[in-house]
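Enquirer: sequence-free structure coming up:
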């Protein structure tokens, strides 16, 4: 079983915007309004009788689409999450970060060079739209609007915002070709859509125009990490630290060091970032990253302390809630973990927390609830693709354990062709394993742990694959390490790891 929850945070590919002449009459800003409070998602009555899994998927898509329509009425205020990837998930983020609602799946942690900071710290999407109605040739306003849509999509998991972000950023570049704010916004948008080669190209263009653009410096680090170019990412982080030291850069610097196995350095850098943070959003963000790092190192008491500090600064911060849920699950507090994850997916139903919640339901003997979460993963994937998101990593991880195994392998291999990271190596290894191709899987599983990055799911996958090919001593070592590091990495995976260890010991 996969954790689907790496901490980072979470997509159609368009060419670079042509500068072109400014239109005489620019289009108005998007003004989608949320439905009234009486609008509710359709229920199971909408599914055709006897349709089985397809019916569940249709219902889930409709529910998710209805939620997405409501989300469009939300405001963005202050500094929203970048990245989770998330990533991401992978994430989606989504992910990924794959863990945390604002993550690019499988990638670097979401930073906080705010989406709307350029327009003032308290300006949200409705205010930006109003300003652009009055000043339709304000290229900075259009750039800020595009960034605000990117950031809110990463926070609330609604990928339908990405096309609107693209239109706003394109308009900014039409009004002022080559402006670094819009180019850095295009970099952030490309990263959110998981087109990291394009994100790197836009970040480089933005930095050519303004070498001190914080967002572009951060996006460049993120893109290099997500392309698996870790040495280049380390150099880019050093450059960013020289030019624009601060919370967004510190967190990326720490993540690059963690990927290289330098966890003490990563922790010290994050502690420095926390000491420098003053805004509640920054405190919540950095404390959460410290929590994730502590949990990945097996220090659950420290992780809970950091998550508590994050939630004291912002009790609605979803990555902290998700991190606390996973730590509670590892500590045996399943009810507390379920409660936290239910709060997370109610606001941002992204693949990582949906799978984690589904697995907890399975462990608690509630298979119907579990199936609903897995169906929502399919729904999110469909909506993400409609919004231009390349969700291959999230698809591979979720499908390998809870869906179409052959589709999981196709998605993982396609993602590996695009970017060769520790996360994609792990996804390919696990997809090969569930398809019975363990000897082919082993080199990928080894590559996932080769940099020194410590992830309990990676160690679990490696141990399972080693057992399948007869390397029982290595399997015992890695399965034990996974459980020692984070027994909550996956409720079902942890249960399988304990069972496998028991069988291996009995066979000695």
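Expert: That came through fine. Computed from a predicted structure; not experimentally measured.
Enquirer: Now the helix or strand hosting residue 371: buried residues?
Expert: Residue 371 is part of helix 367-386 when elements are defined by DSSP states H and E. The neighbour-count criterion (16 or more other Cβ atoms under 10 Å) identifies 369-385 as the buried residues of helix 367-386. The way it works is simple: take the backbone N, C-alpha and C, and place the C-beta from them, glycine included.
Enquirer: do stretch 395-411 as well
Expert: For stretch 395-411, by 16+ other Cβ under 10 Å, it's 395-403, 405, 408-411.
Enquirer: got the contact list for residue 434?
Expert: 400-401, 405, 408-409 (Cβ atoms under 8 Å, 6 or more residues apart in numbering).
Enquirer: how about the residues you listed, which pair is most distant?
Expert: 401 and 409 (12.8 Å; Cβ to Cβ).
Enquirer: Distance check, residue 377 against residue 355.
Expert: Using Cβ to Cβ, to the nearest Å, residue 377 is found at 6 Å from residue 355.
Enquirer: shared neighbours of the two, anything?
Expert: 398, 402.
Enquirer: Residue 359 touches residue 370, doesn't it?
Expert: Yes. Using Cβ atoms under 8 Å, residue 359 is in contact with residue 370, at 7.1 Å.
Enquirer: Which SSE is immediately downstream of the helix or strand in which residue 183 is found?
Expert: Element membership of residue 183 [criterion: DSSP H and E] is helix 180-192. For helix 180-192, the following helix or strand on the C-terminal side (DSSP H and E) is helix 196-209.
Enquirer: Could you figure out how far that following helix is turned away from helix 180-192?
Expert: 160 degrees (axes from the mean of the first three to the mean of the last three Cα atoms, to 10 degrees).
Enquirer: So which elements touch the very next helix or strand once past helix 196-209?
Expert: Next helix or strand after helix 196-209 toward the C-terminus (DSSP H and E): helix 214-226. If you count contacts as 3 or more Cβ pairs under 8 Å, 6 or more residues apart in numbering; DSSP states H and E, helix 214-226 packs onto helix 180-192, helix 196-209, helix 230-243, helix 247-259.
Enquirer: List the buried residues for helix 214-226?
Expert: 214-226.
Enquirer: ok, now stretch 467-485?
Expert: Within stretch 467-485, the residues that count as buried by 16+ other Cβ under 10 Å are 467-468, 471-472, 474-476, 478-483, 485.
Enquirer: Now render those as JSON lines, adding pLDDT.
Expert: Formatted as JSON lines, the buried residues of stretch 467-485 follow (pLDDT from 0 to 100):
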{"residue": "467", "pLDDT": "97"}
{"residue": "468", "pLDDT": "97"}
{"residue": "471", "pLDDT": "96"}
{"residue": "472", "pLDDT": "96"}
{"residue": "474", "pLDDT": "96"}
{"residue": "475", "pLDDT": "97"}
{"residue": "476", "pLDDT": "96"}
{"residue": "478", "pLDDT": "97"}
{"residue": "479", "pLDDT": "97"}
{"residue": "480", "pLDDT": "96"}
{"residue": "481", "pLDDT": "95"}
{"residue": "482", "pLDDT": "95"}
{"residue": "483", "pLDDT": "94"}
{"residue": "485", "pLDDT": "89"}
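Enquirer: Of all pairs in those residues, which one is the farthest apart?
Expert: Farthest pair in the buried residues of stretch 467-485, by Cβ to Cβ: 468 and 485, 21.2 Å.
Enquirer: Wait, residue 289 touches residue 270, no?
Expert: Yes. Residue 289 is within contact range of residue 270, at 5.5 Å (criterion: Cβ under 8 Å).
Enquirer: so what's in contact with these two at the same time?
Expert: 251, 254.
Enquirer: Between those two, tell me which one has more neighbours.
Expert: residue 289 (34 against 29; other Cβ atoms under 10 Å).
Enquirer: name the element that one belongs to?
Expert: Taking DSSP H and E as the definition, residue 289 sits inside helix 280-296.
Enquirer: Heading C-terminal from the helix holding residue 371, find the next helix or strand.
Expert: helix 392-402.
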